[in-house]
Structures are given as structure tokens and as C-alpha cells.
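Trainee: 3D model of this:
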Amino acid sequence: MKLTTHVLDTASGRPASGLRLVLTRLSDGAILADRRTNADGRIDGPLLEGPQSAPGPYELAFHVAEYFRAAGVALADPPFIDVVPIRFAMAENAHYHVPLLVSPWAFSTYRGS
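Mentor: Alright, predicted model coming up:
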């Protein structure tokens with residue numbers, strides 16, 4: 001199994017560079033990755049691959065308010081969207097790609113390729 005992601009800032013029409021995300025295995029609460037996206041809105045290398053990947057439920061938490069504040073976007077206090085948690089499960093030996101499309105007011109995801 002392999003897990004990748006990328007984040008697109010739909011408000012600016014660009015990749016979301018420098019956005020923090022945290023990957024947690026829900027079965028035991030273990031934090032498996034705490035990283036930031038690169039200039040292309042991606043993580044350098046897979047978030048999960050090989051022996052540490054296993055079938056089961058996971059959560060990717062995208063820290064979007066922190067990203068938008070750093071980009072100079074004026075947000076309410078508290079912001080409408082702060083952290084976007086995406087809970088999903090991996091059940092087969094495959095490549096799972098979980099992208100996030102985000103603005104300060106909306107988000108969308110899907111199982112990509």
C-alpha cells in the first residue's frame with residue numbers, strides 16, 4: 001500500500017505550498033507523519049508506504065487556516081474552516097491518493113490516482 005496527497009488552493013488557483021498535514025492511524029492513534037507541502041502542493045515522497053502501511057482507518061488533518069493566515073488572507077476569529085480532517089480507510093494493496101481542494105470557505109476531496 002502507498003499513500004500520497006496534494007493540496008490545491010482554489011481561492012488563488014495555485015498549489016498550497018507550506019500547508020501542514022498530519023497523518024494518524026485511527027486504530028491506535030499513532031501519528032505516522034507530520035509534514036508540510038512543497039512548492040507544488042505535494043509531499044516529497046509517499047506519506048505511507050511499505051511495511052508501515054496496513055489496511056485500516058486513517059485520518060489526514062490539513063491545517064488550512066494556518067496556511068491561509070500565512071498567505072495573508074484575512075480570516076474570521078475563529079475561522080470558518082480551521083483544520084480539515086479527512087477520515088478514510090485503506091483496504092487493498094493499492095496506491096491511495098487523497099487530494100484536497102481548499103479555499104477559506106469550502107473544501108473537496110476524492111480518491112485520486
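
Trainee: Of all the helices and strands in the protein, which has the lowest average confidence?
Mentor: Least confident helix or strand of the chain, by mean pLDDT, DSSP states H and E, is strand 48-49 with a mean of 94.

Trainee: What is it packed up against?
Mentor: On a contact count with 3 or more CB pairs under 8 Å, 6 or more residues apart in numbering; DSSP states H and E, strand 48-49 meets strand 2-4. Placement of C-beta: from N, CA and C, glycine included.

Trainee: strands paired with the least confident helix or strand of the chain, and their directions?
Mentor: If you go by DSSP bridges, strand 48-49 pairs up with strand 2-4 (antiparallel).

Trainee: What residues of the strand it pairs with count as buried?
Mentor: Of the residues in strand 2-4, 3, 4 count as buried by neighbour count, 16 or more other CB atoms under 10 Å.

Trainee: Mind checking what helix or strand follows that strand in sequence?
Mentor: Next in sequence after strand 2-4, counting helices and strands by DSSP states H and E, comes strand 7-9.

Trainee: Go through that next one and flag the buried ones.
Mentor: If you call a residue buried by 16+ other CB under 10 Å, then strand 7-9 has these buried ones: 7, 8, 9.

Trainee: If the second one is in a bridge, with which residues?
Mentor: Okay, so that is residue 8. Beta-bridge partners for residue 8, by DSSP bridges, are residue 15, residue 101.

Trainee: these two touch, right, it and residue 42?
Mentor: No. Look at residue 8 against residue 42 with CB atoms under 8 Å: they stay out of range, at 10.2 Å.

Trainee: tell me, what's touching these two both at once?
Mentor: Common contact partners of residue 8 and residue 42 (CB atoms under 8 Å, 6 or more residues apart in numbering): residue 15.

Trainee: Which stretches in the chain count as strands?
Mentor: Using DSSP state E, the strands of the chain run over 2-4, 7-9, 14-15, 20-25, 30-36, 48-49, 56-63, 83-90, 95-97, 100-102, 107-109.

Trainee: which residues touch the nearest residue to residue 32 once chain neighbours are set aside?
Mentor: Closest residue to residue 32 apart from its sequence neighbours, by CB to CB, 6 or more residues apart in numbering: residue 23 at 4.7 Å. Residues in contact with residue 23 (CB under 8 Å, 6+ apart) are 3, 31, 32, 33, 34, 47, 48, 58, 59, 60, 61.
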